[in-house]
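Asker: Fold the stuff below for me.
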Amino acid sequence: MKKLILTSCLLLATATAISAQDRLTLTADEARKNIANGYLDWGRARLALDKEPFEQMLAPGFTIQQPGRKLTRQEFIDGISAVRPNEKLTRYDITVLTVQATADGWVAISKEKVEIESPNKNKGYSLKIIRAGWKQIDNRWMITFMEFVGHENWTGGTKPPFTDW
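Answerer: Below you'll find the predicted structure:
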C-alpha cells in the first residue's frame, strides 16, 4: 500500500513538473502569440454566436467577474451566445497588452473593443480592459478565469474618443 501511495505521489509530482517545465520553456512572446491566436478564434465565435468554440476554450471551473456580479462558465456561455433581436454584434477585437507567467499558466491583460448595431443603424461602443488566466490543458490553450478591470460604453451617437478606434 505504501508503495502504491509513493508511486502515485511520484507520478503526480512528475506530471506537475512537466507542466511547470513546459510553462517555463515558453517565452512571454510565445505565450502572447498563443493567447492572441486564441482571442482571434474567440472573436470569430463571438461574432457568429457560435457556442462550440466557447465550450472548447473555457476551462472547467471557469468564472468571470463582471462589475457587480460573478458568472459561472455556463451562465457566461449562455449570455454571450444569446441572439438579441434588438442588437447585433458587428465588431469584436481583442489586443493582448501584457502577459505574465504564473505558477501553472499565464495571465494576460487585454483591451477589448466591441461595436453593437441596432436595427435602426444606431451604434453602441464598448471598451473593456480584461484580465484573464490562460493555461495549456490537453494540448489546447484554455481560459481559466476572466475579470473586467475597467470598462466604458458610448451610446446615443457618441463615439469613443480615440483615433485608433
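Asker: And the helices in the protein?
Answerer: Assignment of helices within the chain using DSSP state H yields the ranges 2-25, 28-48, 51-57, 73-80.
Asker: Chain neighbours aside, what residue packs nearest to residue 41?
Answerer: Spatial nearest neighbour of residue 41, excluding adjacent residues (C-beta to C-beta, 6 or more residues apart in numbering): residue 53 at 5.8 Å. C-beta here means a position set from N, CA and C on the backbone, and glycine is covered the same way.
Asker: and the helices of the chain, which one is worst for confidence?
Answerer: Among the helices of the chain, helix 2-25 has the lowest mean pLDDT, at a mean of 44.
Asker: so how far is residue 51 from the nearest residue to residue 32 once chain neighbours are set aside?
Answerer: Closest residue in space to residue 32, ignoring its immediate chain neighbours: residue 99 at 4.8 Å, by C-beta to C-beta, 6+ apart. Distance, residue 99 to residue 51, using C-beta to C-beta, to the nearest Å: 27 Å.
Asker: higher neighbour count, those two?
Answerer: Set residue 99 next to residue 51 and count neighbours by other C-beta atoms under 10 Å: residue 99 wins out with 22 against 14.
Asker: residues touching the closest residue in space to residue 105 that isn't next to it in sequence, list them.
Answerer: For residue 105, ignoring the flanking residues on the chain, the nearest one in space by C-beta to C-beta, 6+ apart is residue 135 at 3.4 Å. Contact partners of residue 135, counting by C-beta atoms under 8 Å, 6 or more residues apart in numbering, are 59, 104-106, 141-142, 144.
Asker: Point out the least confident member of the residues you listed, please.
Answerer: residue 104 (92).
Asker: neighbours of that residue, just the number please.
Answerer: 14.
Asker: Please verify my assumption that residue 88 contacts residue 117.
Answerer: Yes - assessed by C-beta atoms under 8 Å, residue 88 is found in contact with residue 117 at 5.2 Å.
Asker: on that earlier part again, now the residue nearest to residue 105: how far from residue 81?
Answerer: On the measure of C-beta to C-beta, residue 135 and residue 81 end up 23 Å apart.
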